[in-house]
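Visitor: Any chance you can model this:
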Amino acid sequence: MTAYKGASPLISTKGYLKAAAGILAVEAYHAGSVRTVLYAQGTALRNLTNSISDARASLENQPAGGPRLDQGIRRNGTANLVPTDGNSLAFSRNTRQVLNIVYGAINAPSGLFFPNGLNGAIK
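Guide: You can find the predicted model right below:
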C-alpha cells in the first residue's frame, strides 16, 4: 500500500492512475483483513509480526525524528489494524524505501527477494 501511494505522484496518465488507485484499494482491504486475522491469533503471533515490522522499519532510512512508516499489529497494548499517521492517513514510501525492504538492506543494489536485483527503469 505504501509503495502504491508513494508512486502516485509519478503517474501522469489518468487511466494508469485510476488502475493504480483500484489496486491500492484492494491491497488496503487485503492488508486490513490479514492484520485482523493475525491479531486474532494471539500474543505469540502478534509478537512475531511486530518483530517483522521492526525489521522493515529499520530499513526505512528515515531522517532522524522522521515518522516510522511501518507499524506492528499491536501498538500501545491495543490492536493496530490500519497503520496510519496522526491524521489517519496511510503512509507513503519512496522507491528507495521500497527497494531497501525488498533487498533487505539500505541502499543495496540487490538481495533478499531479488538476489540478482531488478531490471528495467527501477533498479
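
Visitor: What are the contacting residues of stretch 33-49?
Guide: 72-74, 79-82 (C-beta atoms under 8 Å, 6 or more residues apart in numbering). C-betas here are computed from N, CA, C, even on glycine.

Visitor: Residue 93 - that's part of a helix, no?
Guide: No - counting by DSSP: H, G, I helix; E, B strand; the rest coil, residue 93 is not part of a helix but coil.

Visitor: ok, it touching residue 70?
Guide: No - applying C-beta atoms under 8 Å as the test, residue 93 and residue 70 come out as separate, 9.0 Å apart.

Visitor: what sits in contact with each of the two?
Guide: residue 60.

Visitor: ok, so of the contacts of stretch 33-49, who is nearest residue 60?
Guide: residue 72 (13.8 Å; C-beta to C-beta).

Visitor: Now do the same contact list for the closest one.
Guide: Counted by C-beta under 8 Å, 6+ apart, residue 72 has contacts 46, 49-50, 53-54, 80.

Visitor: All set, thanks.
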